[in-house]
Structure formats: structure tokens, C-alpha cells
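Q: Attaching a predicted model along with its sequence, questions to come.
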Amino acid sequence: MKKETEKKTAESRVPGTGPGGGGTEEKRERGSAGGHYADRLRIGTRGASWLRQQFGKGITYFLVVAASIIFYFALLRATNLTDVLWRIVDVLKPVLYGLIIAYLLDPIVEKVDERLAPVLRARFERPEKGEKLSRSVGITLAVIFLVLMVAALFNLLIPELYKSIRDLVIALPGQMNDLVSHMNRLYSHDSTVGEVFKAAVQEGTSMVQSWLRTDLLGRVNEIMYSLTEGVINVVSELFNILVGVIVSVYILFSKEKFLRQGKKTVYALLPAHYANSLLHLAGKTNEIFGAFIIGKIIDAALVGVLCFVGISLLNIPYAVLVSVVVGVTNIIPFFGPYIGGVPSAVLILLADPVKGISFIIFIIILQQVDGNFIEPKILGNTTGLSAFWVIFAIFLGGGLFGFVGMLIGVPLFGVVYYIIQMFINSRLEKKQLPSHSDYYDEMSYVDDNGTYVRSQEPSPGKESGRRGEEGKKTDKGE
């Protein structure tokens, strides 16, 4: 009797083993029901009631109507919203600069981590210390590289720019006098044409003098205000960039943590299928932007160096200035060589017409070599766009966002193109139709039953099979 009483007492002390307890089965059920929250009171375990369903529908209708009203008033006040957005962007400029700088420096940090992290992990008892030290070394080297590149660029560009402007200002009046004298000699035999030309020159001279005396002097205060505001803006942007460098250091130190947090958030907010698609698209976007931007920077640097070597050998003036302009503008696809080459050619023509013609011939040859050999080797088909879509993306990006749009328009449109391509291929595969463009020529069609029919098989060179959602093959805009 005493033993039975002790046994019951022991059972009552163990949760779920006494009378009315569920033992291990109840513990598992409670654990699977939500751990700590399993003991909390539940409401509506048998399904939502009619009142609750109607309440949910009412909330949905209310949110839809409220969103529609907000959207309507947002359209009415689009200008104010744009101002607010630009204000937010202006406040967050240091962070945006930091993100851009971190993205550009990340390949250097990754390369250092790949080589240094395994060695340092083996030397420390705690591998985390080795990883942190490796990351610190990589970030330090990347920032030093950035500072050296910017310092070298300014050291080469600013003195040469000052010298070029000074020489141009000194030489321009003499060149204009030589031009006028040459035109006077050319038309001296024809009295009518000579008189007309002299009258035009005198009228132009009087107009310039009148503008200098009236308009220019009257707008001195406005010009000085604009110059002061411009200097303040330049100093402010330099400060934002400096803060951005500091922000980029923190981003590079914690990038894995940020990526994990972002991935966790995506899986928390979206169903698994959409979350995986979004993460795949984010990876593809990073691949396109990274390959394009880094490749264009390397290509522009090579073009700038080759331009400097060629101009120096041809003894063309303004070698450093022109090489920097040609190299920097070469980052812009397709139109970049013309944007940098035309003003450079005009500058050299003003100094020496013969050298200017030599420069034009040289820059045409250089751009042909770059477009046909250097750029394809470095970039390849990183964006998956044909030449037509590249031009389209540049026009669209430049028209919407100016110079920045011309820089990022091609990779951004490449991402949009890839999204459309994923959607179309997914729809075709659901219909059990081939997704490669080569299958849709004049010899093929889809009958009323949804069956793909082709009277002639594709040639072995064109038959590349279906493309999946991974998008490893592109149809190159065809």
C-alpha cells in the first residue's frame, strides 16, 4: 500500500504521467503545436466562424478601397511626392554612396578572403578570429586601392586640365585673329562677298561687346551666387562620399549578416515558391550588374591606357586629359566613345588641325579594336542583350535618369529582360512547348490542340534544347 502511494506521488510530479496526463504523446503534441506557445489559450480551433469570415472580408474590402484612395491622391500630388522622395534620397546619400562603394570593392575583399582566410583560420584556436582578421586585411587593402586610384586620377587630371584650359585661353584669341585674316584674304578678290563677310564680323563683334557690357555685367551677382552654390554642392558631395567610404567599411564587415537577415525576411513574408524565385532573381541581378560594371571598368581602364600610349607616340597634345576623358566615357556602352572622342577631337583641332585629324583616325581604329576584340573578351554576353536592346536601354535610361541612366540602363534592362524571359519560358513549359527562339521560325507552328509542329528539324548548330528557369542560355533577343 505504501509503495502504491509513493508511485502515484512520483507520477504526479512528472508532467503528463499522472492521471489524466497524456504521457510522451501529449508532450510531443504540445511541442509540435508551437513549443512555448502550446500552453496558451487557442480560439477558433475548429475553423473560422461565419462572423469571423465576414469580418475578414470587410477588412480586405476596406484595405482595397483605402489603397485606391491613397493612390488617387498620390497621383494628384505626384510633384509633392517626388520632392519628398528626392528629399529622402538626399538625406540617405551617404548610405547610398556606401552601398555603391561597398559593391565595387567587394570583389577585392572576396579575393583576399579566398586566399588569406584559410591560412589565418588554421593559425588561430578560434577560426572566427582568423576570419575577422582576414576580412579586416581585405577591407584595408580595398580602401587603400580606392584612395590610390582616386589620388592618381586627380593628380593626373587636374594639372593637365588646368594646363589645357590655360593654353586654350591663351591661344584662342590668336587663332581667331588668324581665322579672320585668312577669311579676309580668301574673299579679298570678291568685293561683294568680302563686304558681306566684313559686315557679319563687325555685327558679331558688336553683339559680343554689347552682351559683355549689358547682360554679363547685369548678371554678375547671379553668376557669383551660382558659383558659390556650386562650390557648396561640390563640398557637400565630397563629404557625403567620404562618409560613404566609412559606411562601406561597416557594410563589408557585416555583409553576410545582412544577407542572412534579408533571406530570413523573404522567407518569412512570402510563400516558399515566390521566396525562392525572388532569391534566384536577386542572385541573377547581382551576377549581371557585377559582371557588367566590373568588366566595363576594366575595359575603360585598358582603353584609357592604350589611348595615352598611342597619343604619346603620335605626339598629340593634351595626352593625359584626352586619355582620361576617352577612358571614363568608354564606360557608357555604344555612345561612350563618341561622347569622349568628339570634344577631344575639337580640342586638339583647335590646337593643331593636322594632329586633330591624326587623333580622329587613331580613335576610330582604337574603338574598332575595343569593340571587336577587347570588350567581347572581358564582358562576353553578360547581359544577354542584343545590340538593338543595348541601344534601346541606353536611350531609355538616359531619357529617364540622365547620365546615370546611361551607365546603369543596360544591366538594369538586362535584368528586366531576364524576368520577362523567365515568365515566358515558364508559360511555354507549362504548355509543354519548346522555349528556345530557334524553334519558332517560319517552318514551325502550334496546332489547335497545343502541339508543337515543325516540318523540318533544327540544324545541329541551332538545336540547344529547352532553357529552364535558371536561364543559363539566352536567346540574345532573337
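A: Everything's here; your move.

Q: wait, residue 414 sits on residue 385?
A: Yes - using CB atoms under 8 Å, residue 414 is in contact with residue 385, at 5.5 Å. Heads up, the C-betas are built off the backbone N, CA and C, glycines and all.

Q: Now list whatever residues contact both of the two.
A: Common neighbours of residue 414 and residue 385 are listed as residue 393 (criterion: CB atoms under 8 Å, 6 or more residues apart in numbering).

Q: quick one: which of those two has more around it?
A: Higher neighbour count among residue 414 and residue 385: residue 414, with 26 against 23, using other CB atoms under 10 Å.

Q: Quick check: the gap between the more buried one and residue 333.
A: Counting by CB to CB, to the nearest Å, the gap from residue 414 to residue 333 is 11 Å.

Q: In the chain, which helix is the longest?
A: In the chain, assigned by DSSP state H, the helix with the most residues is helix 127-186.

Q: By mean pLDDT, point me to the weakest helix or strand of the chain.
A: Taking mean pLDDT, DSSP states H and E as the measure, the helix or strand of the chain with the lowest value is helix 23-32, at a mean of 43.

Q: Distance from the chain centre to the helix or strand just after it, please.
A: Beyond helix 23-32 in the direction of the C-terminus, DSSP states H and E gives the next helix or strand as helix 50-76. Its chain's C-alpha centre and that of helix 50-76 lie 36 Å apart, by CA atoms, centre = their mean, to the nearest Å.

Q: same check, this time on stretch 244-259
A: Computed by CA atoms, centre = their mean, the separation of stretch 244-259 from the middle of its chain amounts to 18 Å.

Q: Let the chain start at 351 from now.
A: In the new count, where the first residue is 351, that last one comes out as stretch 594-609.

Q: Could you list the buried residues of that stretch?
A: For stretch 594-609, a neighbour-count test (16 or more other CB atoms under 10 Å) marks 594-595, 597-599, 601-602, 605 as buried.

Q: any idea of the mean pLDDT for that stretch?
A: Stretch 594-609 shows a mean pLDDT of 93.

Q: And the contacts of that stretch?
A: Residues outside stretch 594-609 that contact it (CB under 8 Å, 6+ apart): 443-452, 455-456, 459, 485, 488-489, 492-493, 496.

Q: Same question for stretch 678-692.
A: The contact list for stretch 678-692 (CB under 8 Å, 6+ apart) reads 646-647, 649-650, 653-654, 675-677, 710, 713, 717, 720, 737, 740-741, 744, 756-757, 760.

Q: next one: it to chain centre, how far?
A: The answer for stretch 678-692 is 18 Å, by CA atoms, centre = their mean.

Q: Quick one: mean pLDDT for it?
A: For stretch 678-692, the mean per-residue pLDDT is 84.

Q: ok, now stretch 748-759?
A: Across stretch 748-759, pLDDT averages out at 82.

Q: what comes up buried for that stretch?
A: Going by neighbour count (16+ other CB under 10 Å), the buried part of stretch 748-759 is 748, 755-757, 759.

Q: again, but for stretch 714-721
A: Residues of stretch 714-721 classed as buried: 716-717, 720 (neighbour count, 16+ other CB under 10 Å).

Q: Strands along the chain, start to end?
A: Along the chain, counting by DSSP state E, strands occupy 794-796, 802-804.

Q: Show me the shaky parts of the stretch 551-700 of the chain.
A: 551, 558-559, 561-570 (pLDDT under 70).

Q: quick one, helices of it?
A: Listed in chain order, the helices of the stretch 551-700 of the chain (DSSP state H, counting those that start in this stretch) span 567-568, 570-603, 605-619, 622-663, 669-679, 686-701.

Q: Tell me which of those helices sits most buried.
A: Most buried of the helices of the stretch 551-700 of the chain by mean neighbour count (mean count of other CB atoms under 10 Å) is helix 669-679; its value is a mean of 22.

Q: Measure how far it is from the centre of its chain, please.
A: On CA atoms, centre = their mean, the centre of helix 669-679 falls 23 Å from the chain's centre.

Q: relative to helix 622-663, how tilted is it?
A: Put simply, helix 669-679 runs at 160 degrees to helix 622-663, going by axes from the mean of the first three to the mean of the last three CA atoms, to 10 degrees.

Q: I'd like the distance from the closest residue in space to residue 710 that isn't next to it in sequence to residue 617, if you could.
A: Counting by CB to CB, 6 or more residues apart in numbering, residue 695 is the residue found nearest to residue 710 once chain neighbours are left out, at 5.2 Å. Applying CB to CB, the value for residue 695 to residue 617 is 56 Å.

Q: Check residue 527 too.
A: Distance from residue 527 to residue 617, counting by CB to CB: 74 Å.

Q: and of the buried residues of stretch 714-721, the nearest to residue 571?
A: Set against residue 571, the nearest of these by CB to CB is residue 717 (44.9 Å).

Q: In contact with that closest one, which residues?
A: Residue 717 sits next to 687, 691 when contact means CB under 8 Å, 6+ apart.

Q: Recalculate using a threshold of 10 Å.
A: Counting by CB atoms under 10 Å, 6 or more residues apart in numbering, residue 717 makes contact with 653, 657, 676, 680, 686-688, 690-691, 725.

Q: just residue 795 next, same as before
A: 801-805.

Q: got a pLDDT number for it?
A: pLDDT at residue 795 comes out at 78.

Q: Which residue lies nearest the spatial centre of this structure?
A: Nearest to the geometric centre of the chain sits residue 758, at 4.6 Å (CA atoms, centre = their mean).

Q: Near the closest residue to that residue other than its chain neighbours, how many residues? Count them for me, please.
A: Leaving out its chain neighbours, the residue that sits closest to residue 758 by CB to CB, 6+ apart is residue 747, at 6.5 Å. Neighbour count for residue 747, taken as other CB under 10 Å: 22.

Q: of the contacts of residue 795, closest to residue 793?
A: Distance to residue 793, by CB to CB, is smallest for residue 805 among those, at 5.0 Å.

Q: Which pLDDT does the model give that closest one?
A: What the model reports for residue 805 is a pLDDT of 67.

Q: With residue 445 instead?
A: 92.

Q: Tell me who's in contact with it.
A: Residues near residue 445 by CB under 10 Å, 6+ apart: 439, 590, 593-594, 597-598, 601.
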